[in-house]
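Trainee: Just need the structure, nothing else, for what follows:
(chains A and B)
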Amino acid sequence: MKRLLLQHIDVPGIDTLSVYREHGGYKALEKALKDMKPDDITEEVKKSGLRGRGGAGFPTGLKWSFLAKPEGVERYLVCNADESEPGTFKDRFLMSKIPHALIEGMIVSSFALGAKTSYIYIRGELLYVYHILEKAIAEAYDAGLLGKNIMGSGYSLDLYVHPGGGAYICGEETALIESLEGKRGNPRIKPPFPAVKGLWQSPTVVNNVETISAVPHIVNMGGDAYAAIGVGKSTGTKLISACGHIKKPGVYEIELGLPVEEFLFSDEYCGGIRNDKKLKAVVAGGSSVPILPGELFLKTANGEPRLMSYESLSDGGFATGTMLGSGGFIVMDEDTSVVKNLWNFTRFYHHESCGQCSPCREGTGWMEKVLHKFLEGHANMNDIDLLWDIQSKIEGKTICPLGEAASWPVASAIRHFRSEFEDYVKNPQKIKDVKHYYRVNNLDPVIN
Amino acid sequence: MPDNYTGYKMDTNNTNINFSEEALQLMHKIMRRYPEGRQKSAILPLLHIAQAESEGWLSAPVMDKVAEILKVQPIEVYEVASFYTMFNLKPVGKCVIEVCRTGPCWLLGAEDIVKFIERKLNIKEGETTADGMFTLKTVECLASCGSAPMMQVGEKYHEHLTCEKVDELLDDYRVNTNEHISHWAKDKIKA
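Mentor: Just a heads-up that it's a prediction; the model follows:
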C-alpha cells in the first residue's frame, strides 16, 4: 500500500526541519522554484486529479484555476486547519507530527497562485499544534525557505498561523474568511466566490491541510503518476481517521479504492469491531454524511463490494449511499442506539449553527428537542414524520452547507433505522435500558 | 462603521486594565501579521492573550482595552467574543476542565467521565467549585476521536480517559498549580 503523506511518520525527529530535509523534504519546493513556472504547478495539480480533502471533494486544480488575477491586487492562500468535523482528526495528526509537510505545501501552492502572504487558520483549541507550527515556520524562515527571495528564486512569501476561537462553522470557507478578518464566523452568500472576492475582498483560495500537504508529492512525482494511484476519479491517497467501536482507532493513509471490508476488518487497519461484536452502522465521512447500516455500507444496493472512494461510497445516492466526506470514519457496534447517537449529533449542529438563517437556527433546535422526546420516552409516531418534515425544510434553504450537514444524519437515520424510532415509541423503557456506550468503569470518586 | 457614529465612548480612566509588557509586545507582533489597515484581523489572537492575562475570562473593561489597542469600537470586540466558545464572559476557576461530549467520545463513555467529575468536584457541568479551583465545561468535538474519551485542560489534551485516570489528574492539578497555567501566558514569555 502506497504511503505519501505518512511515509516518514515514524522517523524520530521528523517534526524538525533537518530530519524532514534528510527524508526528501523541500525537494518539491526546490523543483517548483527552479524548474517550474507557477502555471505549470497548477497544470500538474489538475492532471493529478487531486480533490479537496476537507469534505467537499472539489477538484483542487480547477479551484486554483478560478482564482482571479487582476493587476496590482494581492491574492491570498489560506489553509483551512479548522478541523472540527466530529470523527475527523487527521489534520491535527499530520500537523503535529510533520508540520513541515504543510509548510512546504503552503510555499509551493502560494508560489503557484502568486500569493505573497498566506495564512494557516488553525482552530483555537489546537493551541499546542499552533506552537508546533510557529516553531516550524521560524525554522523555515531561518533557513531561507520563507521570507524574501526564497532559495534565491526572487519569490518572496510570508506565512502566518492564525488561531480561531472555537466555532465549527469557521471550517466553512467563507465563514473562515470572515473570522480571519476579525468578525463573527457568519458564512457569506455566494457568489461572489472567494476566488474572486475573498479575504479583504481580494481573490483567495482556501484549501484543507491534507490537500495542501499533498501538493509537494504531486510536484515531485508529477500529476500523471499521482493520478495513477487510486481508482477512477478518486486519485491518490487519503487520510482516514477511524474511531468508534473498532479495535484499532487511528489515522490511516489509504490508496483510494481500497475495499471497505478490508479497511474495516483487516489487522492492518481498523482490525474489526471491539469485543468481537457485530457491526451495526457506519458514518463514513464525518458526522455530517448519511449514516449507513452495516450491510449497506459493506455492499452497495446492487450487491457490489463498496470501495473507499468518492464514487463508490456515494453509489446509490442518498437512498442507499453516503459520502467519503472528510474521512472521519465512525463505527458503531450492535449495542449502539442510533436514536441516541443522532440526538447527540443534532445537539452538536444546534450548538454550532451560527444563527444567520432561520431554517438552520430554529430547525436544528427543534430536531434536538423532538429527538430528546424519544430519549425521555415521550415521543409518539407522529414525531418521526415531524422530524422528517423539519429536516426536509432545512436542507437546501440555508446560506452554507451546515443546514445540509444537520439534515442528512436525521434523514438517513429515519430512512434506514425507522423501526428503531418506532421501538422507542412503543416501548419507552427500552431506550433507558440501552447500554449504548462502553462504561469506562464505575469507580466512586474520592471526595477531597 | 458609519461616519456619524456617536456610540459608547470608552472611559479609559475608569478601567484599570493593564496587560503585561510581554503580552503587549506579543499583541503588537501579531498585529503586524496583517496588512496595513487590517489590524482588526488580530481580534481572536488578542482576545486569547487578553483572557490569559485576566484570570481566564473577558470582562467588558478587558474587551474595551483590546478595542483600544486595535483601534476599533468596543462593540466590534464584544460581538466577536460572544460568538466563539473559547472566550469566557464570566469568571472561571483556575483550572478549566473541558470534556468532549460529541458522538465519537460519547460512544466510548464521555458521559461517564462527566458524571464522575461532577460527583468528585460536587459541581454540575458549567459550574465552578466553591474554592474557585475548578470549572467543568463540556465542549464539542476536539478532533481527538481516535483516543476517546478525552478532555482538554489549558493547552493539554488528556486522552484515553478512564475514571481512575481523571481521578489522578484532578488530584494532581489541585496540587500542581503550574500545570494549568494558560498556554498563552506561557507564550508571551517567548515573544
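Trainee: other SSEs contacting the host helix or strand of A:Phe374?
Mentor: Taking DSSP states H and E as the definition, A:Phe374 sits inside helix A:358-376. Helices and strands touching helix A:358-376, as assessed by 3 or more C-beta pairs under 8 Å, 6 or more residues apart in numbering or on different chains; DSSP states H and E, comprise helix A:338-352, helix A:381-394, helix A:402-426, helix A:428-433. Using the backbone N, CA and C atoms, a C-beta is placed for each residue, glycine as well.
Trainee: ok now the longest one, how far from the chain's centre?
Mentor: Helix A:402-426 sits 23 Å away from the centroid of its parent chain (C-alpha atoms, centre = their mean, to the nearest Å).
Trainee: that older thread, of all the residues in the helix holding A:Phe374, which ones are buried?
Mentor: Counting neighbours by 16 or more other C-beta atoms under 10 Å in any protein chain shown, one finds that the buried residues in helix A:358-376 are A:359-368, A:370-371, A:373-375.
Trainee: low pLDDT regions in chain B?
Mentor: Residues of chain B that meet the criterion pLDDT under 70 lie in B:1-15, B:177-191.
Trainee: Please enumerate the helices of it.
Mentor: For chain B, the helices defined by DSSP state H cover B:21-31, B:43-53, B:60-70, B:74-81, B:103-107, B:110-121, B:163-175, B:183-190.
Trainee: got the CA positions of the third one in CSV?
Mentor: Once side chains and other backbone atoms are set aside, the C-alpha atoms of helix B:60-70 remain, and they are given as CSV (Å, rounded to 0.1, in the frame of the first residue of the first chain):
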residue,chain,number,x,y,z
ALA,B,60,-16.2,44.4,29.5
PRO,B,61,-13.2,46.6,30.5
VAL,B,62,-10.8,43.9,29.3
MET,B,63,-12.5,43.8,25.9
ASP,B,64,-12.5,47.7,25.9
LYS,B,65,-8.8,47.6,26.3
VAL,B,66,-8.4,45.2,23.4
ALA,B,67,-10.6,47.5,21.3
GLU,B,68,-8.4,50.4,22.3
ILE,B,69,-5.2,48.5,21.2
LEU,B,70,-6.8,47.5,17.9
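Trainee: How about residues contacting it?
Mentor: By C-beta atoms under 8 Å, 6 or more residues apart in numbering or on different chains, the list of residues contacting helix B:60-70 from outside reads A:182, B:10, B:12, B:14-17, B:19, B:24, B:27, B:31, B:39-40, B:42-43, B:46-47, B:50-51, B:53-54, B:73-74, B:76-78, B:81.
Trainee: What angle do helix B:74-81 and that helix make with each other?
Mentor: When axes from the mean of the first three to the mean of the last three C-alpha atoms, to 10 degrees is applied, the directions of helix B:60-70 and helix B:74-81 differ by 110 degrees.
Trainee: I'd like to check which residues are in contact with B:Gly93.
Mentor: Here B:Gly93 is in contact with B:Gly56, B:Thr128, B:Thr129, B:Gly132, B:Met133, B:Phe134, B:Thr135 (C-beta under 8 Å, 6+ apart).
Trainee: Nearest spatial neighbour of it, chain-adjacent residues omitted?
Mentor: Once flanking residues are discounted, B:Gly93 sits nearest to B:Thr135: 4.0 Å by C-beta to C-beta, 6 or more residues apart in numbering or on different chains.
Trainee: And for that neighbour, the neighbour number?
Mentor: Residues contacting B:Thr135 under the criterion other C-beta atoms under 10 Å in any protein chain shown number 24.
Trainee: Wait, it touches B:Lys90, no?
Mentor: No - applying C-beta atoms under 8 Å as the test, B:Thr135 and B:Lys90 come out as separate, 9.9 Å apart.
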